[in-house]
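In: Sequence first, then the predicted structure:
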Amino acid sequence: MSKDVIIACDFSSKKALMNFIEKFEKERPFLKIGMELYYSEGPQIVRELKDRGHKIFLDLKLHDIPNTVKKSLSVLSNLDVDLCNIHASGTTPMMKAALEGFTKESGQRGLLIAVTQLTSTSEETMKEDLLIEKSLDETVMHYASKTKEAGLDGVVCSPLEARKVKEVCGENFLTITPGIRFAGGDKGDQVRVTTPKKAKELGSDYIVVGRSITGAENPLEAYRKCVNEFLGGM
Ligand code: C5P
C-alpha cells in the first residue's frame, strides 16, 4: 500500500487547472477531480491528466439504484482512474454492484472507496432529516464495516477517525482523509482540521489537500512541504 498526498483540484475550468498544474516541475502529484470540473470538462480532462502522468481520484460520489451505479462505474472504469468513490448509504447491494461494474473483464480495477456520512452532516441533521438515532461516530463505523463487507478498499473519513476505522475494519482498509491544514493555517469552512504530520501519526493512508496547496502563494513549495510532513521518514 502506498501512502500519498492527493491535491483537491477544486477549479471550475480547465484553464485554471492547467495554470495550476504547470507550476509543478518534475513532480506529478496525485490529483482529485470532483464533480465541478468533471461536469464542466467531461472525461477528456481525466484522459489528459492521465496522459501527463498524474494519478487520478475521481470524486463523483455515486448514489443510485445498484444497476445504474454498476453500469456507470463500468463506463468510468474505461478511464483507468486510480481511485473512485460512491456513497455507503446506497447500501450493500449498491456497493457490491459498484465493485462489479468497476472491475474490468481482465479483473483489473482502480481502488473503490465509500463516503460514510458527509462531514457537512451534523448529528442533529442526521436525526432530524434522516431519522438516524445512533450517534454520528457509531453510524460512520457501521457504514465503514458495511463498506469493508461489500469488498471495497476503504472510506473517506476525518484523520481523527482513521485509527478507529482501522480498529473496526483492519489495518489494510484504506482511510482517505480531507480536512488538512498546516499548523497556523486558515481553517476556512472545515471544522475539524489536522496537520499532515498529525494525519501521518493517526494512520491516514491518503490525505486530500485543497486550499492549503491550491491557494498558497507558492503551491509547489506547499505541496513539497505537505509531502515532507506526511511521507517524510517513511
Ligand atoms: O480546500 P480543502 O483542503 O478544505 O479541500 C478538501 C477537499 O476534500 C474538498 O475537495 C472537499 O470537497 C473534500 N472533502 C471534504 N470532506 C469530506 C469529503 C470530501 O473536505 N468529508
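Out: Perfect, I can see it now.

In: going forward, measure contacts between C-alpha atoms and count neighbours the same way
Out: Noted.

In: Count the residues that sit near the residue lying closest to residue 93 once chain neighbours are set aside.
Out: The shortest distance from residue 93 to any non-neighbouring residue, by CA to CA, 6 or more residues apart in numbering, is to residue 66 (6.4 Å). Using other CA atoms under 10 Å, residue 66 has 19 other residues around it.

In: on contacts alone, who are the packing partners of the helix or strand encompassing residue 100?
Out: Residue 100 is part of helix 91-102, with elements assigned from DSSP states H and E. The helices and strands touching helix 91-102, judged by 3 or more CA pairs under 8 Å, 6 or more residues apart in numbering; DSSP states H and E, are helix 66-77, helix 136-149.

In: and with 6 Å instead?
Out: helix 66-77 (3 or more CA pairs under 6 Å, 6 or more residues apart in numbering; DSSP states H and E).

In: Which residues does the helix it packs on contact?
Out: 94, 97, 98, 101, 102 (CA atoms under 6 Å, 6 or more residues apart in numbering).

In: per-residue confidence for the closest residue to the third one other than its chain neighbours?
Out: Using CA to CA, 6+ apart and skipping residues adjacent in sequence, the residue nearest residue 98 is residue 70, 4.5 Å away. Listed pLDDT for residue 70 reads 98.

In: residues near residue 70, how many?
Out: Neighbours around residue 70, by other CA under 10 Å: 23.

In: longest strand of the protein?
Out: The strand that spans the most residues within the chain, counting by DSSP state E, is strand 56-62.

In: May I see the buried residues of it?
Out: Going by neighbour count (16 or more other CA atoms under 10 Å), the buried part of strand 56-62 is 56, 57, 58, 59, 60, 62.

In: And stretch 100-120, by the same measure?
Out: 100-103, 109-117.

In: nearest to residue 211, of these?
Out: residue 115 (20.6 Å; CA to CA).

In: ok now do the closest one, which residues does it touch?
Out: Residue 115 neighbours (CA under 6 Å, 6+ apart): 87, 88, 155, 156.

In: in the sheet, who's paired with it?
Out: Residue 115 has these beta-bridge partners by DSSP bridges: residue 87, residue 156.
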